[in-house]
Structure formats: C-alpha cells, structure tokens
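>>> Build the 3D model from these lines:
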Amino acid sequence: MKRLKIAFITVEDPRDRRTWSGTNYFLWQSMQKHLGDVELLQPAEPAITLFFCRLFNQVALRIFGKRFDWRRSGIVSRAYSRSVQKLISGKHFDLLVFAGRTALFSHLETEIPIAYIGDRTVSAGLNYHEQLKNLFSFSLKQSLETENMAFRKAKVLSFPSAWACTSAVNDSGMKPEQVFEIPFGANLDKIPDERTLNFQTINRPLTLLFLATRWLEKGGDIALDCLNHLSEKGIESKLIICGVSPELKADDRIEIIPFINKNDPQQFETLTKLFLRCDLLILPTRYDAYGIVFCEASAYGIPSIAPETGGISGAIKNGKNGIVVPGNSGGDVYAEKILEMCSDTSAFLQLKKNARKLFEEKLNWDNWGREFSKAISSMNLAPRNIEL
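Prediction:
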C-alpha cells in the first residue's frame, strides 16, 4: 500500500508524552513509520462549554450523587465536531484518525474515511469506569448516542483487547470485519537489551513491583495484603511502590519511590534500574481498559499478576507473560498464585523469557503499526494525492 496522507486528530498534543501515558505519541510515531505521512491536528477547546458542563457535573454529584458525562454530551460533541470541521476544511487527506475521543467526530460531516483507535466502549465501561458510574439517564443516552454515531462514521475501529472489540460488535452493532483487536505496545523510548535482563535467578527477597499513580483504584491495598500473606507463609519478600506515596507505617519490606517521569532520560534510567531489581509486577487493579504497564514489564522480562477485569487479557496472556486471577481476588489469592509461580524456579525463569518473547512478537509499537496498516488496507483506500 502506498503511503497515505493522514490527519491524526486528538484533543491533547501527541508530542506531549504525558498525555494518555504517552500512547498518542507512540500511535503517531507508529503510523508515521508504517502507514503514511501524519499531520497532527488539535481542535480548539470549547472552553466556556466545557467549564459549565464540568461545573454542572460537580454540582450534580454533590446534590444528587449523579454524574453528567460531559465528555460525550451532545453539546460538547457538537462543539468539537464543528472545530474539527474547520481544521480539515480545504485540506486534502486520505484518512482521518481519531484516538480516544468519539466526541471529536460524532457530528462530523466529511467524505474522508475515518479510523478510530480506543481502549474501551461506553457500554463496556458503564458502572465500571468511575466516569461512567451513576449517570443521569439523559446523560447515559447521550453518551451512547455520541459513541454509536461516531462508530457508524468510522470504517475501521481498533481496540487493544477482545473485551472492547466484543462490546463494539455486540453492544454497538458494528460489523466484525470493521473491528480489529491490535494490542498496544510498551511506551518506552529505549527498549532494554535482552542481554542485560535477569533470566538466571529469583531475587532474595522476592521483589514485587507496584507501579501506578493511584493507590486504591489500582489495588495497592491488595498488593500490601499480598505482601503480608507471603510473609506469614515464611517467604522473604519486598514490595516496591512506585508512582504514588500512600501513608503507610514504616516497614523494612516496603520501599516507596515517588512519581517517575520516563520521558526524562535520567528518570527513565531510574525506572530501568527499578525493573531490573524486580521479579514480578503486581497490579490488582479494580478497573483497567488495557494496561500499558504490563507491556513495559514484559519488555524487561518481568511477568505480571493482575485480575481478570476489563481489557487486561489483551496485555497479559495467562501463562505466557504472567498470571490472571479472578477479578474479586484478595491478597491471599495473589500470594498463593505467586507461591505457585515461584515454587518451580526453572518454570518461573522460563516465564520471564516468555514475557520478553511476547513483547518482541506482539506487545510493541512496530507490531501495532503493521497490524493497523493491514486494517487500513482492508478499507481499500486509494491515496487522493497520488496518481495510481
């Protein structure tokens, strides 16, 4: 397929790698490498509209305990669609790509083919994701309408998990041939050399890594309970908490490291050393649409243990780069699974090798770019600015 002229349209600037954990940046780079020439477009924010919508949501939560999903509200989606309309007016593109925000194009009128990249659907996130809990009935209706209108305008929908893909087909009525499961990659500028990774030993103490910016939502309390259960069973273990600073009693088994900005070279080096010190990533998250961190752990040959919830199975393949436990599991279940994993040293070390192998085969952005390119090829696009 010849290179396409692509508009990548996002609310946040993809060059700012702090947005969406850097995912927009890597989407942009991967499309540029594997698909075509990408122009970044950022629609103007309807600031006044957003202010009053957010204010209404806060007041409604306080008074009624109900949420207004302003992100997919009719008034916001119309405003964003008008802004996008102005951005593309008079320009020639072969493809419009939107990531994460269906409100940007739900009311857009264009003949240019559209592809959408997301990590979940509204239907899958209802009463699961915090933003989609306890919605007003009118807000729920608007959210579903906004998303479904956008989905119907897209020729290709790409999600990183079967959980999201299944919802797009079953809940939104999309044709299966339009929906593609393509796992996201590790948001790492520098991929660790496999020769530097530890595939020979299990650390003593057994070192667990909890890497997240939200303590309770990501199950930090469960990870701590797991540590206690391991200690009760006589397993010398340690928990490194990175990205959040919970108020905990002093404990020699626990190390807390503040937020690390992996886009800063010095701090990225700190993160690299941190991964190299650990045996296992533990993230008993209560909600996750995917989990880029599992891809990053796999890049370092670190298996993960997490619950069967949301789209996690898109990033953790049970028995290949980690273990998935039932979604309501407590720290005791995590401890039992970890004991099983580590009881056979050779099997655990093989799991570490398999984690790295899965990263190299699937959980990287080159693989995403190649697979997304195949999905776009199914649209049979002829570049408008190229004579065929």
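>>> Show me the shaky parts of the stretch 1-150 of the chain.
Within the stretch 1-150 of the chain, the stretches with pLDDT under 70 are 1.
>>> Next, the closest residue to residue 302 other than its chain neighbours: secondary structure please.
Spatial nearest neighbour of residue 302, chain neighbours left out: residue 281 (5.4 Å); criterion: Cβ to Cβ, 6 or more residues apart in numbering. (Glycine included, C-beta is placed from N, CA and C.) Secondary structure assignment for residue 281 (DSSP: H, G, I helix; E, B strand; the rest coil): strand.
>>> Residue 281 contacts residue 291, correct?
No. Between residue 281 and residue 291 there is no contact, the gap being 9.7 Å when judged by Cβ atoms under 8 Å.
>>> So for those two, which residues contact both of them?
Between them, residue 281 and residue 291 share these contacting residues under Cβ atoms under 8 Å, 6 or more residues apart in numbering: residue 304.
>>> the domain parsing of this protein - what is it?
With domains defined by automatic domain parsing, the chain comprises 4-185+365-377, 194-361.
>>> what would those domains look like in TSV with mean neighbour count?
Putting those into TSV (neighbours: other Cβ atoms under 10 Å) gives the following:
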stretch	mean neighbour count
domain 4-185+365-377	19
domain 194-361	18
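>>> Can you tell me how far residue 9 is from residue 150?
Counting by Cβ to Cβ, to the nearest Å, the gap from residue 9 to residue 150 is 12 Å.
>>> Find residues that contact each of these two.
By the contact definition Cβ under 8 Å, 6+ apart, residue 9 and residue 150 are jointly contacted by 98, 104, 105.
>>> Relative to residue 54, which of the residues you listed is nearest.
Residue 54 has its nearest neighbour among these in residue 104, at 17.7 Å by Cβ to Cβ.
>>> Quick check, that closest one in contact with residue 87.
No. Shown here, residue 104 and residue 87 do not form a contact pair, counting by Cβ under 8 Å, at 10.0 Å.
>>> can you list residues touching both of the two?
Common neighbours of residue 104 and residue 87, using Cβ under 8 Å, 6+ apart, are 9, 43.
>>> what sits against residue 118?
The contact partners of residue 118, by Cβ under 8 Å, 6+ apart, come to 99, 100, 102, 157, 158, 159, 164.
>>> again, only this time at 6 Å
Taking Cβ atoms under 6 Å, 6 or more residues apart in numbering, we find residue 118 in contact with 100, 159.
>>> measure it to residue 161 for me?
Residue 118 is 10 Å from residue 161, where distance means Cβ to Cβ.
>>> Also residue 301?
Residue 301 is 23 Å from residue 161, where distance means Cβ to Cβ.
>>> Next: residue 90.
38 Å.
>>> next one: residue 19
The separation that residue 19 has from residue 161, given Cβ to Cβ, amounts to 21 Å.
>>> what's the answer for residue 263, then?
The gap separating residue 263 from residue 161 is 25 Å, by Cβ to Cβ.
>>> Could you do residue 365 as well?
Residue 365 is 16 Å from residue 161, where distance means Cβ to Cβ.
>>> where along the stretch 201-350 of the chain do the strands fall?
For the stretch 201-350 of the chain, applying DSSP state E, counting those that start in this stretch gives strands covering 206-211, 237-242, 254-257, 280-282, 304-307, 322-325.
>>> elements contacting the fifth one?
The criterion is 3 or more Cβ pairs under 6 Å, 6 or more residues apart in numbering; DSSP states H and E, and the helices and strands that strand 304-307 contacts are strand 322-325.
>>> at 7 Å what do you get?
In this structure, strand 304-307 packs against strand 280-282, helix 292-299, strand 322-325, helix 331-343, with contacts taken as 3 or more Cβ pairs under 7 Å, 6 or more residues apart in numbering; DSSP states H and E.
>>> who's residue 254 bridged to?
Beta-bridge pairing for residue 254 (DSSP bridges): residue 239.
>>> Which pLDDT value goes with it?
pLDDT recorded at residue 254 is 96.
>>> Ok, the one 3 residues further on next?
In the prediction, the pLDDT value recorded for residue 257 is 93.
>>> likewise residue 383?
pLDDT recorded at residue 383 is 52.
>>> Also residue 261?
83.
>>> which non-adjacent residue is nearest it?
Excluding the flanking residues, the one nearest residue 261 by Cβ to Cβ, 6+ apart is residue 267, at 4.9 Å.
>>> Against residue 276, how distant is that neighbour?
As judged by Cβ to Cβ, residue 267 and residue 276 stand 15 Å apart.
>>> One more: residue 230?
21 Å.
>>> just residue 104 next, same as before
To residue 276, residue 104 is 40 Å away according to Cβ to Cβ.
>>> Same check on residue 187?
Distance from residue 187 to residue 276, counting by Cβ to Cβ: 18 Å.
>>> Repeat that for residue 373.
Counting by Cβ to Cβ, the gap from residue 373 to residue 276 is 33 Å.
>>> got it, and residue 86?
Applying Cβ to Cβ, the value for residue 86 to residue 276 is 49 Å.
>>> Name the nearest residue to residue 120, sequence neighbours excluded.
residue 289 (4.1 Å).
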